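Asks: Sequence and predicted structure are below.
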Amino acid sequence: MSKQDQDKLLRDLADSFINVANEHAEIQEKNIVNTSFLYAASRFSAYVAASSARNLEDFQGKREQGIEFFTSEFKRMLESNMNNYEKAFQPSEQLRYEEFMKKE
């Protein structure tokens, strides 16, 4: 699979998860949806780490490395997305994220 195909697959999968979160946010407080989304991501990340370990000792030996990897990836992705949303506040940009704009 090419890098371009992988990037598209990643974004399509992310969009499918975000669509589910948006559906939940229609009936639940978005902060609760966000917290459950973070919990689900951390739980699945722990599963990925555990399922790739050969045994308990291997899992324990790579625990800190896994935590560092997942947290640094989250931080990198969050910074990128925050930069994208920041553009919504710039007057020269067409407003795409109106729900984040302060209403007076």
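Replies: Looks like it came in fine. Bear in mind that the values here come from a model prediction, so they are computed numbers and not experimental data.
Asks: Go through stretch 79-87 and flag the buried ones.
Replies: Within stretch 79-87, no residue is scored as buried using 16 or more other C-beta atoms under 10 Å. Every C-beta, even on glycine, is put in place using the N, C-alpha and C of the backbone.
Asks: now stretch 43-63
Replies: Ser45, Ala49, Phe59, Lys62.
Asks: Contact partners for the third one?
Replies: By that I understand Phe59. Applying C-beta atoms under 8 Å, 6 or more residues apart in numbering, one finds that Phe59 lies in contact with Ala49, Ala50, Ala53.
Asks: In which helix or strand does it reside?
Replies: Assigned by DSSP states H and E, Phe59 falls within helix 56-61.
Asks: mean confidence score for the helix or strand that that helix is followed by?
Replies: The element immediately downstream of helix 56-61 (helix or strand, assigned by DSSP H and E) is helix 63-86. On average, the pLDDT along helix 63-86 is 96.
Asks: elements contacting helix 63-86?
Replies: helix 30-51 (3 or more C-beta pairs under 8 Å, 6 or more residues apart in numbering; DSSP states H and E).
Asks: Against which helices or strands is the helix it packs on packed?
Replies: helix 3-25, helix 63-86.
Asks: Dump those into JSON lines; add distance to Tyr39 as well.
Replies: Putting those into JSON lines (distance: least, C-beta to C-beta, whole Å) gives the following:
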{"stretch": "helix 3-25", "distance to Tyr39": "12"}
{"stretch": "helix 63-86", "distance to Tyr39": "13"}
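Asks: Which one of those lies nearest to Leu38?
Replies: Comparison of the helices and strands packed on helix 30-51 against Leu38 by C-beta to C-beta identifies helix 63-86 as nearest, at 8.8 Å.
Asks: can you list the weak-confidence ranges in the chain?
Replies: 92-104 (pLDDT under 70).
Asks: hmm, try it at 90
Replies: Applying pLDDT under 90 to the chain flags residues 1, 85-104.
Asks: Could you check how many residues crowd around the residue lying closest to Ser42 once chain neighbours are set aside?
Replies: Closest residue to Ser42 apart from its sequence neighbours, by C-beta to C-beta, 6 or more residues apart in numbering: Phe70 at 7.7 Å. Neighbours of Phe70 under the rule other C-beta atoms under 10 Å: 17.
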